[in-house]
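Enquirer: Structure of the sequence below:
(one chain, ligands or ions: 1)
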Amino acid sequence: MQFAVLTLFPEMFSALLGAGVVKRAIENRYILVEPINIRGFAKDRHHTVDDRPYGGGCGMVMKPEPVAEGIRYARKKHPEAYTVLLTPQGRLLNQKVAQELAGCKGLILVCGRYEGMDERVSEHLVDDEISIGDYVLTGGELAAMVVIDAVARLIPGTLGCEHSAQEDSFSTGLLEYPQYTRPRSFEGVNVPEVLLSGDHGAIRQWRRQASLGRTILRRPDLLMGQPLTTGDIEYMKKLQQDIKTIIGKHSTGS
Ligand code: 6GU
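Expert: Numbering: from 1, shown residues only. Reported below is the predicted structural model:
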């Protein structure tokens, strides 16, 4: 997968490209990330990339021409790529969107800065607009890095262990179960006995139930429209019964 990133701050991307899974994925040619400076497409002597907003107001707006030129340049190099503008006005990134993007034949990521981007860019020059959450960043660069990271790890080969991406949180639709490593006892807290038992069936069941319990408590919204097994339902009924018993004891006892 090739990522072309149009940005006014290409140097920001060295943090993502210089370490960890993404660095290794680039070294092993699973992905290629090319930050492209939008300023390089500004035609005037001062390489102007922003201007005052029509209608007044504070802040600056990114001029459409350099961005448009940059997108054309990237499209010529990657004719089949999907062009995405990173903006708080975009649709929210989640694992499903990341999977969708991982299926593209290349991505051109356009990062906005200043108070915003001229609307004609979002309207006519990009295929999609994506936001990484309901908060405001000073620019699209961190969001683009989040997209690259989330998509890169879905490209076969990047994670080393092929199963990791399928089994992790949000691919099973549930939060991840707790993980432990040595020592068996740490600051007085022991690793759950079942994980030391070697009983793979029991371990699988414990993990599934831990995932379910966590998801119910922390992110019940994730369970809506989620395929649940009869075993899952039975476990949840048992939890429900336990909760009822506890509530019952409290209301009769006090
Ligand atoms: Cl994509 N850009 C900016 N500036 N802020 C954001 C965002 C994007 N996603 C969440 N907040």
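Enquirer: mind listing the helices for the stretch 51-200 of the chain?
Expert: Under the criterion DSSP state H, counting those that start in this stretch, helices of the stretch 51-200 of the chain are mapped to 64-77, 95-102, 119-124, 141-152, 164-167, 200-218.
Enquirer: These into CSV, with extra columns for distance to the ligand, mean neighbour count and mean pLDDT?
Expert: Every C-beta, even on glycine, is put in place using the N, C-alpha and C of the backbone. Listed next are these as CSV, based on distance: least, C-beta to the nearest ligand atom, whole Å; neighbours: other C-beta atoms under 10 Å; pLDDT from 0 to 100:
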stretch, distance to the ligand, mean neighbour count, mean pLDDT
helix 64-77, 15, 18, 98
helix 95-102, 12, 16, 97
helix 119-124, 12, 14, 96
helix 141-152, 3, 22, 98
helix 164-167, 23, 13, 66
helix 200-218, 22, 15, 97
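Enquirer: Surely L175 touches I216?
Expert: No: contact between L175 and I216 fails when scored by C-beta atoms under 8 Å: they sit 9.5 Å apart.
Enquirer: what ranges of this protein fall below the confidence cut-off?
Expert: Applying pLDDT under 70 to the chain flags the ranges 162-164, 166-167, 169-171, 253-254.
Enquirer: Next, name the residue at the spatial heart of it.
Expert: A150 (4.5 Å; C-alpha atoms, centre = their mean).
Enquirer: Correct me if wrong: L92 contacts A143.
Expert: No: taking contact to mean C-beta under 8 Å, the distance of 11.1 Å between L92 and A143 leaves them out of contact.
Enquirer: tell me, what's touching those two both at once?
Expert: 130-132 (C-beta atoms under 8 Å, 6 or more residues apart in numbering).
Enquirer: most surrounded residue in these?
Expert: For the shared contacts of L92 and A143, the largest number of neighbours (other C-beta atoms under 10 Å) sits with I130, at 24 neighbours.
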